[in-house]
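K.L.:
Fold the following for me, if possible:
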Amino acid sequence: MSDKIKNELQELLHANVVTAETAEKIRDYFHQKEAENQNKLSSVFGILGAILVGLGIILVFAHNWDTLSRLTKVILSFLPLLIGQIFCGYSLLKKSASTVWRETASVFLFFAIGASISLVAQVYNIPGDLDSFIITWMLLSLPLVYVLQSSIVSLLYIAGITYYGCNANYFTYPSTHSFLYWLLLLGIAPHYYQLVKTKALSNFTLFHNWFISISIVICLGTIAHKNGHLLYLSYMSLFTIFYFIGKTTFFDQQKLKNNSFLIVGKLGILYLLLLYSFKWFWDKSFYKTDSLAETLLSIEFIIALLLTVLAAILFYKKNSKTNFKEVSLLELAFLTNILPFITGYEFSIIANILVLFIGIFEVKRGIKLNHLGILNFGLLLITILITCRFFDTNLSFVIRGILFITIGLGFFLTNYFMLKKRNRNEK
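P.N.:
Numbering: from 1, shown residues only. The predicted structure is shown next:
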């Protein structure tokens, strides 16, 4: 506890503002908070230290590698693995209550596993590709997440399988195609569930929320094969599902930075709607398709259908409690998935109207809640929509200029009057 807080607390105590018992509780609170901060700082430096030591050992080996005998190379290849296991064993037996020890030891062993695999393969010239290396590394490291309860290794695991998903599909498409990422992702599900249940407000949970949501968004495209144009339908439903997850009681009560599902879902929906608002998007994306039967039986269509059904179930579950009286346009965005199957319809008009009304709704909600962030988000959305139409229409520069001036004045006046109202209410 800082000297300033101690002095102020002493003054309050002498002035009989707080009782001795209350003062003691305040001291205990700040001492506990300082201890938690020190543990977090120790964990960060311990993990960084383990990473640097591991990388340093690898660099030392690499510098002298060619001059060593095969036996020496084999011994040195397994040495980081042995050291890491010793540290992990000591952490389990003697320091099981210490997060710093568990995380540091498990991170060191995580990198030691990868180093040992690659070094042994190099010594004996074992053939293999990058995909098999990453899979082997991740699967051998996964037990660390549960044995040592290591959330950092869990995050590294998510990053590793995400890279694998990209390398096995995007980087080598169309020569290879793999769905193994989704099975690997399930491997981390029990640990994430435990974090959400027991440490909902911890930084580890916060990072897992972001890592998992972004990883799924990145790798959803790996299902694409012959009907990649249908991925837009899957992404719209996925973002809607994320939005509903973010609106559940558990996530809705947390700070916005912890609610990655709501942020990713909302921004994803709006991004796709803005993309839908361009006429060229529809001309190039959905009308150049294969036969109807082939499309309906494709993996892309099946996944899009399943995600859309799940989004509909979550929509019903959320709004049935309020008799559908609090339905927002964002929640209905996944219904645009039926548009590609309605021939002769001007889809871009629907998207423009949706984005415009969502922006107006956000402005109205910001005014009602007296929240400048929500207000400006709505105004920004309307501005982006108008900017899109700036490049997509043949309006004269005079009309375009007037529109931007109007939006600029709207930003200024709404913020001015809201701040004025807020100051008047504070007085």
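
K.L.:
Tell me how many other residues crowd Phe361.
P.N.:
16 (other Cβ atoms under 10 Å). All C-beta spots, glycine's among them, are computed from the backbone N, C-alpha and C.

K.L.:
With the one 10 residues further on instead?
P.N.:
Here the neighbour count serves as a burial measure; for His371 (other Cβ under 10 Å) it reads 14.

K.L.:
quick one: which helix or strand includes the spatially closest residue to it that is not a sequence neighbour?
P.N.:
Counting by Cβ to Cβ, 6 or more residues apart in numbering, Arg365 is the residue found nearest to His371 once chain neighbours are left out, at 7.7 Å. For Arg365, the enclosing helix or strand under DSSP states H and E is helix 347-369.

K.L.:
Summarise which helices and strands that helix is packed against.
P.N.:
Helix 347-369 sits against helix 260-276, helix 279-285, helix 372-390, helix 397-426, with contacts defined as 3 or more Cβ pairs under 8 Å, 6 or more residues apart in numbering; DSSP states H and E.

K.L.:
what's the average pLDDT for the shortest one?
P.N.:
If I follow you right, that is helix 279-285. Taken as a whole, helix 279-285 carries a mean pLDDT of 71.

K.L.:
for the next helix-or-strand element following it, which positions count as buried?
P.N.:
Under the assignment DSSP H and E, the closest C-terminal helix or strand after helix 279-285 is helix 292-296. Applying a neighbour-count criterion of 16 or more other Cβ atoms under 10 Å, the buried positions in helix 292-296 are Thr295.

K.L.:
what does helix 292-296 contact?
P.N.:
In this structure, residues lying in contact with helix 292-296 by Cβ atoms under 8 Å, 6 or more residues apart in numbering are Lys226, Asn227, Leu230, Thr289, Phe301.

K.L.:
Pipe those into CSV and attach pLDDT and secondary structure per row.
P.N.:
Conversion of the contacts of helix 292-296 to CSV gives the following (pLDDT from 0 to 100; DSSP: H, G, I helix; E, B strand; the rest coil):
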residue, pLDDT, secondary structure
Lys226, 75, coil
Asn227, 75, coil
Leu230, 82, helix
Thr289, 53, coil
Phe301, 86, helix
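
K.L.:
so which of those comes closest to Thr162?
P.N.:
Checking the contacts of helix 292-296 against Thr162 by Cβ to Cβ gives Leu230 as the nearest, at 22.4 Å.

K.L.:
what domains does the record give for this structure?
P.N.:
Residue ranges for each domain of the chain read 228-344, 346-427, as given by automatic domain parsing.

K.L.:
Most tightly packed of those?
P.N.:
For the domains of the chain, the stretch with the most neighbours on average is domain 228-344, a mean of 17; neighbours defined as mean count of other Cβ atoms under 10 Å.

K.L.:
what's the burial count for Pro143?
P.N.:
Other residues near Pro143 come to 12 when the count uses other Cβ under 10 Å.

K.L.:
In the strand or helix carrying it, which residues are buried?
P.N.:
Secondary structure assigned from DSSP H and E places Pro143 in helix 130-147. By neighbour count with 16+ other Cβ under 10 Å, helix 130-147 contains the buried residues Asp131, Ile134, Ile135, Trp137, Met138, Leu140, Ser141, Leu142, Leu144, Val145.

K.L.:
Dump those into a markdown table; add pLDDT and distance to Phe361 as well.
P.N.:
Written out in a markdown table, the entries for those read as follows (pLDDT from 0 to 100; distance: Cβ to Cβ, whole Å):
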| residue | pLDDT | distance to Phe361 |
| --- | --- | --- |
| Asp131 | 88 | 46 |
| Ile134 | 92 | 44 |
| Ile135 | 93 | 46 |
| Trp137 | 93 | 47 |
| Met138 | 95 | 43 |
| Leu140 | 94 | 50 |
| Ser141 | 94 | 46 |
| Leu142 | 95 | 44 |
| Leu144 | 93 | 47 |
| Val145 | 94 | 42 |
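
K.L.:
Just give me the closest of these to Phe207.
P.N.:
Closest approach to Phe207 among the buried residues of helix 130-147 (Cβ to Cβ): Val145, at 13.8 Å.

K.L.:
Pull the distance from stretch 214-230 to the chain's centre.
P.N.:
For stretch 214-230, the separation from the chain centroid amounts to 16 Å (computed by Cα atoms, centre = their mean, to the nearest Å).

K.L.:
So what touches it?
P.N.:
The contact list for stretch 214-230, computed with Cβ under 8 Å, 6+ apart, reads 158-159, 161-162, 165-166, 168-170, 177-179, 181-182, 185, 231, 234-235, 238, 260, 264, 268, 285-286, 288-290, 294-295, 298-301, 303-304.

K.L.:
these two touch, right, Thr205 and Gln194?
P.N.:
No: using Cβ atoms under 8 Å, Thr205 and Gln194 do not qualify as a contacting pair, with a distance of 9.9 Å.
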